[in-house]
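Q: Let's see this in three dimensions:
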Amino acid sequence: MATSYVQLLLLVLASLLFLPALYAVDFGYCNKNGYDYGNFSRVEISPNPVGPEDNYLDITVSGYASKQMNNVTIEVYAKSKKTTDRLGDYYICKVGNACVIKSGLCFSPECAIEAGTKFVLPIPKVQVDDLEDGFKYVVSLLEDDLVNSRDYDEKFIERMCVDFVVPMLDSTLVSA
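A: Residues are numbered from 1 along each chain as shown. A predicted model of the protein is given here:
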């Protein structure tokens, strides 16, 4: 009897250790080979998978900045071969629970990501999009270039970008 309790306890502990991995998704760099400004180490979504009744999902991107990025905007869109849907712009200084890690401690960013720091950027309530087959979600870190730009569309410079497929539950499987 005691052995079954120990086995059950070990099973619960093991599942808690691996539970965060269930939210992670495979990702790739938009330019296919990485960026001078840093790298992404993890992309998580919740819920995972996304069901037909889910209207929103939460995305969290984590990584390391090798160069300073000022006045950072996070742009999220869904992209297929024929269509691009812009799903939202998020200013890093207004994203709740954004974190720049220094000496192992989490600090709220001051609208910038400093060189040599790790970052965790939660992007809440992103609209679930339903484009044709083969579409990806894209998260892009843009730096504001107000000094050199003349109009709104030219004022942002892409510093880092990642794309990924969001696992979707098939509505026919859910209703069965």
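Q: count of neighbours near residue 161?
A: By the criterion of other C-beta atoms under 10 Å, residue 161 has 17 neighbours. In short, each C-beta sits where N, CA and C put it, glycine included.
Q: and it, what are its bridge partners?
A: Under DSSP bridges, the beta-bridge partners of residue 161 are residue 140.
Q: ranges for the helices of the chain?
A: 2-18, 171-175 (DSSP state H).
Q: Next, the distance between the ends of stretch 94-110.
A: 9 Å (C-alpha to C-alpha, to the nearest Å).
Q: Could you list the buried residues of it?
A: In terms of neighbour count (16 or more other C-beta atoms under 10 Å), stretch 94-110 has its buried residues at 95, 98-100, 109.
Q: so where's this structure uncertain?
A: 1-22, 96-97, 131-133, 146-154, 171-176 (pLDDT under 70).
Q: now the strands for it?
A: 28-29, 38-46, 56-65, 69-70, 72-79, 84-91, 99-102, 105-107, 112-113, 117-127, 136-144, 156-164 (DSSP state E).
Q: Given the fourth one, what are its sheet partners and their directions?
A: Read it as strand 69-70. Looking at strand 69-70 with DSSP bridges, its partner strands are strand 112-113 (antiparallel).
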